[in-house]
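1. here are the coordinates; sequence isn't available:
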């Protein structure tokens, strides 16, 4: 995690900029995952990723409204855990896999905000980081409840008797 390389935020704006950027990156990555799944006609998982992207976008919008920013922070102000790499999206993945990726991403965000809460000297920043950590914990719980409703894939879930062929 990048957190160990970062300094604690010095202001509520800096803390919320990190939170906003984390939500934006998650929105973008889930949208990319959805596009990959659509390309491979895996519509069920594509729809799940689109739903996750919409939720993350709503979180980012909430932060922006709360902070009354005229324009959102720039990527130069980043410093949050990265979203799952696009390579994690397998064209045969099932909802269970998508939810596992989402849980891992939310856990990284939770741990990041926990680190920030522990690292902040300022009580206002500590309280805000703790609130963000609690939100991520709620996201994890929601995703885990979804996981309980979908079947775990068989061990050979990624076997394709007719895999896609790519030409150079």
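-> It's in. This one's a predicted model, so the numbers in the text were calculated from it and none came from an experiment.
2. from now on I want contacts and neighbour counts done on CA atoms only, so please keep to that.
-> Fine.
3. what ranges do the strands span in the protein?
-> With DSSP state E as the definition, the chain shows no strands.
4. and the spatially most central residue of it, what pLDDT?
-> The centre of the chain sits closest to residue 26, judged by Cα atoms, centre = their mean, with a distance of 3.8 Å. We have a pLDDT of 88 for residue 26.
5. where does the protein have low pLDDT?
-> 1-6, 75-82, 168 (pLDDT under 70).
6. show me the contacts for the nearest residue to residue 28 once chain neighbours are set aside.
-> What sits nearest to residue 28 in space, not counting adjacent residues and going by Cα to Cα, 6 or more residues apart in numbering, is residue 53, at 7.1 Å. Counting by Cα atoms under 8 Å, 6 or more residues apart in numbering, residue 53 touches 26-31.
7. also residue 12?
-> Contacts of residue 12 (Cα under 8 Å, 6+ apart): 124-125, 128.
8. if we use 6 Å, what do you get?
-> Neighbouring residues of residue 12 by Cα atoms under 6 Å, 6 or more residues apart in numbering: residue 125.
9. heads up, I number from 54, so please use that
-> Fine by me, first position is 54 from now on; the one you just mentioned is residue 65.
10. and it, how far from residue 169?
-> 12 Å (Cα to Cα, to the nearest Å).
11. again, but for residue 102
-> Here residue 102 is placed at a distance of 28 Å from residue 169 (Cα to Cα).
12. with residue 80 instead?
-> Distance from residue 80 to residue 169, by Cα to Cα: 22 Å.
13. burial measure for residue 190, as a count.
-> 18 (other Cα atoms under 10 Å).
14. quick check: closest non-adjacent residue to it.
-> residue 163 (6.3 Å).
15. quick one, helices of the chain?
-> For the chain, the helices defined by DSSP state H cover 65-92, 96-120, 148-172, 176-202.
16. out of those helices, nearest to residue 216?
-> helix 65-92 (13.4 Å; Cα to Cα).
17. run a quick neighbour tally on residue 60.
-> 11.
18. cool, residue 213 as well?
-> 10.
19. same check, this time on residue 118
-> Around residue 118 there are 12 residues (other Cα under 10 Å).
20. so residue 179 sits right up against residue 169, yeah?
-> No: at 7.2 Å, residue 179 and residue 169 do not qualify as touching, with contact defined as Cα atoms under 6 Å.
21. quick check: residue 61 vs residue 166, distance?
-> 10 Å.
22. between the two, who's got more neighbours?
-> Between residue 61 and residue 166, counting by other Cα under 10 Å, residue 166 is the more crowded of the two (28 against 21).
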